[in-house]
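Asker: sequence and computational prediction follow.
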Amino acid sequence: MTDMTIEDYLAQGGKLTSPGNVPARYRGELLRLMASFVDSELAGAAGFADTINDAPGIRNRIAAAKITQEKLDHAGRVLQVMGEFGGDMAAYDRRHDWAARVDRDADLGAARHGDDMRLSVFHYPLQGYVDAVVLNVLMGLATVVQLDEMKRVSYAPLADAFREIAPREARHVELGLNGLRQIAGTDEGRAKAKAAIEYWMPRVNATFGQSGSKRYDTQARFGLRHTQNDKLRETWSQRATDLLLPMGLA
Amino acid sequence: MSRFLPLHITDIRRDTRDAVVVTLRPRPEDAAAFDFTQGQYLTFRHDFDGEELRRSYSICAGRDEGFLRVGIKRVDGGTFSTWANEELSPGMMIEAMPPMGRFFTDLDPAASRHYLGFAGGSGITPVLSIIKTVLKREPKSRFTLVHANRGINTIMFREELEDLKNLYLGRLAVIHVLETEGQEIDLFTGRIDAEKMAALFENWIDAASVDTAFICGPEPMMLTIADSLKKAGLDEAQIKFELFASGQPGRAKKKAVSKDAVQSGDMTEAVVTLDGATRSFRMPKQGESLLDAALAADMDVPYACKGGVCSTCRAKVLEGEAEMAINHALEDYEVAQGYVLTCQCYPLTDRIVVSYDE
């Protein structure tokens, strides 16, 4: 009855459900994918924490605190799935300085940097409240698109975790858009926001990876990915434009 | 890190010719650690001639039954399941990790839901745990089980399912599909395929009424059923999967035999396999990890933390010897089988053969 190989099963859209039934190469790619998400959330939260103090008014500070807190929670949820593969997840968290940043004008492109797996965009420092709101909106929109893809991942426990995380990340974007609308209400605010968009747009764009990436092929073979990088990038770009346009920011 | 705790075997019952049902009791101090959720599994370990094997078996008890119980079906050539079927007896101790797995949904006593379960052979084990717990804890919910087996004699928990039907009148429906035995209704004879699924939805099960579907069985069955459920209108979040043991190797594997003792040269010839392709390169024995050397040789090998804690870069040494600087991720039995964290791995021999594919 079970004359089907795991590889065939995955190629036909099958789901794996525990560390005990994943093949070796799948395991490596899956852990890498989870590490990328965890490191990005931890680095993102560490960078965004300063925004709690920078935000004007108690409501905006509560929004910033909620976003920071939930990003840490999301990292914890995926870290728990990673931990079932045997690693020491407390040691994992202590391994890196999640608040560390490169210079504002450094150019990392899409490449990983240093010893952690955070997306390159999370290596750049934030410069004040408007800058933070803009990154939260642009990268938040990217995260929503990327999570939409990751909800289909062939490792069922991770897909479940992403399904729980996705609506809350979408809420972070809404909170960001509220902030951005307030900012765009004045000429000065709009000018600042435009400058920040110009800075962050290409850096968020880079998080979608290279077109025709070889790693994508490996991941797709394992059912870890389903939609090409360029297609996801296009979806994100369109959504960002649609939302920024009415605010006079696109 | 994983933690094994002793469990006392309090009862063994033969359920079918090929399966035993084992009741277990943790020590009082471990009771909280073994407080399981319906649908979870236990990972056991046992030493066979100096080699440790680990196997996971689903819990078949309901959450309110007050004991821990697993069903173990003997797999042809399976070292662990054969041992469990032939050697276990009441009074013995066996070691297991606390329950794991996410093959369940949150329950709500006020909810009135329709659950649909598909179990192939011993795939009934976690589904039985779910059925018992759901019927007890959600008094307004009902459960429809489609249970696929070879023949009537191989149906695990057949009597227990009958008892549950009587205990929860009108709330549990069981449809047996038997591969080799004709039944009054043709639909229930043979293997579950797309056609059978369509007929089930047409005549027996209202797909629109289903809140959550649970599937546990071998790979082809999982694919067929998931596909049909989606066609019937269920979305991914409504379908829960548990793939059972077939991905686990049946026999104990021997540790990689090292052909060389520690050797004196400064350089190593590294032979590394990734995705079926093998590359050779020279690397120093000191100062550069095997992972960094492979990356420098343009191999797209997996890694994440580079600190010996996450195990993303795990690979197997097939020939030669290496040492690990830090290891917070691999357990003794994995190291004994030749696995290394390549980010922490420094060759000791003049040649080392490593695979990321095993």
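Answerer: Nice, I can see it. Residues are numbered from 1 along each chain as shown, chains lettered A, B, ... in the order given.
Asker: next, name the residue at the spatial heart of chain A.
Answerer: residue A:143 (4.4 Å; Cα atoms, centre = their mean).
Asker: assign that residue to helix, strand or coil.
Answerer: For residue A:143, the assignment made with DSSP: H, G, I helix; E, B strand; the rest coil gives helix.
Asker: from what I can see it touches residue A:168, true?
Answerer: No. Applying Cβ atoms under 8 Å, one finds residue A:143 not in contact with residue A:168, separated by 10.4 Å. (C-beta placed from N, C-alpha, C; glycine too.)
Asker: which residues touch residue B:216?
Answerer: B:58, B:103, B:117-120, B:123-127, B:241-244 (Cβ atoms under 8 Å, 6 or more residues apart in numbering or on different chains).
Asker: just the buried members of those?
Answerer: B:58, B:103, B:117-120, B:123-127, B:241-244 (16 or more other Cβ atoms under 10 Å in any protein chain shown).
Asker: could you measure from residue B:190 over to residue B:183?
Answerer: Counting by Cβ to Cβ, to the nearest Å, the gap from residue B:190 to residue B:183 is 10 Å.
Asker: try residue A:182
Answerer: Distance, residue A:182 to residue B:183, using Cβ to Cβ: 68 Å.
Asker: same question for residue A:219.
Answerer: To residue B:183, residue A:219 is 44 Å away according to Cβ to Cβ.
Asker: tell me where chain A has helices.
Answerer: A:6-11, A:24-54, A:58-83, A:89-94, A:128-150, A:156-183, A:187-206, A:214-221, A:229-244 (DSSP state H).
Asker: between those, which gets nearest to residue B:205?
Answerer: Nearest to residue B:205, of all the helices of chain A, is helix A:156-183, at 22.6 Å by Cβ to Cβ.
Asker: which strands or helices does the closest one pack on?
Answerer: On a contact count with 3 or more Cβ pairs under 8 Å, 6 or more residues apart in numbering or on different chains; DSSP states H and E, helix A:156-183 meets helix A:58-83, helix A:128-150, helix A:187-206.
Asker: so which of these is nearest residue A:107?
Answerer: Nearest of the helices and strands packed on helix A:156-183 (Cβ to Cβ): helix A:187-206, 9.4 Å.
Asker: okay, buried residues for the closest one please.
Answerer: Across helix A:187-206, burial judged by 16+ other Cβ under 10 Å covers A:189-190, A:192-194, A:196-197, A:199-201, A:203-206.
Asker: just give me the closest of those residues to chain B.
Answerer: Relative to chain B, the closest of the buried residues of helix A:187-206 is residue A:206; by Cβ to the nearest Cβ it sits at 18.7 Å.
Asker: the strand or helix carrying residue B:214: partners in the sheet, and parallel or antiparallel?
Answerer: Element membership of residue B:214 [criterion: DSSP states H and E] is strand B:212-217. Here strand B:212-217 is paired, per DSSP bridges, with strand B:114-120 (parallel), strand B:239-243 (parallel).
Asker: hey, least reliable of those by pLDDT?
Answerer: Across the strands paired with strand B:212-217, strand B:239-243 has the smallest mean pLDDT, namely a mean of 92.
Asker: any low-confidence regions in the chain?
Answerer: No chain specified, so I'll use chain A. Chain A contains residues with pLDDT under 70 at A:1-2.
Asker: wrong one, chain B
Answerer: For chain B, residues meeting the criterion pLDDT under 70 lie at B:1-2, B:245-264.
Asker: now do the contacts for the nearest residue to residue A:111 once chain neighbours are set aside.
Answerer: Distances taken as Cβ to Cβ, 6 or more residues apart in numbering or on different chains place residue A:120 nearest to residue A:111, at 6.2 Å, with adjacent residues excluded. Counting by Cβ under 8 Å, 6+ apart, residue A:120 makes contact with A:108-113, A:203, A:206-207.
Asker: select the longest strand from chain B.
Answerer: With secondary structure taken from DSSP state E, chain B has its longest strand at strand B:5-16.
Asker: pull out the CA atoms of that strand and give them to me as CSV.
Answerer: Output in CSV follows, covering the C-alpha atoms of strand B:5-16 (Å, rounded to 0.1, in the frame of the first residue of the first chain):
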residue,chain,number,x,y,z
LEU,B,5,11.3,9.5,30.7
PRO,B,6,10.4,6.0,31.9
LEU,B,7,6.9,4.7,31.5
HIS,B,8,5.6,1.7,33.3
ILE,B,9,3.7,-0.8,31.1
THR,B,10,0.5,-1.7,33.0
ASP,B,11,-1.4,-3.7,30.3
ILE,B,12,-0.8,-5.3,27.0
ARG,B,13,-3.7,-6.4,24.8
ARG,B,14,-3.5,-8.0,21.4
ASP,B,15,-6.0,-6.2,19.2
THR,B,16,-5.5,-7.9,15.8
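Asker: wait, does it contact chain A?
Answerer: No. Taking Cβ under 8 Å from any Cβ of the partner chain as the criterion, strand B:5-16 and chain A are apart, separated by no less than 15.8 Å.
Asker: so how far is that strand from its chain's centroid?
Answerer: Distance of strand B:5-16 from the chain centroid (Cα atoms, centre = their mean, to the nearest Å) equals 19 Å.
Asker: hang on, residue B:160 packs against residue B:128?
Answerer: Yes. Using Cβ under 8 Å, residue B:160 makes contact with residue B:128 at a distance of 7.0 Å.
Asker: those two: which is more packed in?
Answerer: Each of residue B:160 and residue B:128 has its neighbours counted (other Cβ atoms under 10 Å in any protein chain shown); residue B:128 has more, 29 against 16.
Asker: tell me the contacts of that one?
Answerer: If you count contacts by Cβ under 8 Å, 6+ apart, residue B:128 has them with B:60, B:71, B:157, B:160-161.
Asker: what about 6 Å?
Answerer: Residue B:128 is in contact with B:60, B:157, counting by Cβ atoms under 6 Å, 6 or more residues apart in numbering or on different chains.
Asker: three-state assignment of it?
Answerer: What three-state DSSP gives for residue B:128 is helix.
Asker: of residue B:190 and residue B:183, who's got more company?
Answerer: Neighbours were counted for residue B:190 and for residue B:183 using other Cβ under 10 Å; residue B:190 has more, 17 against 13.
Asker: many thanks, have a good one.
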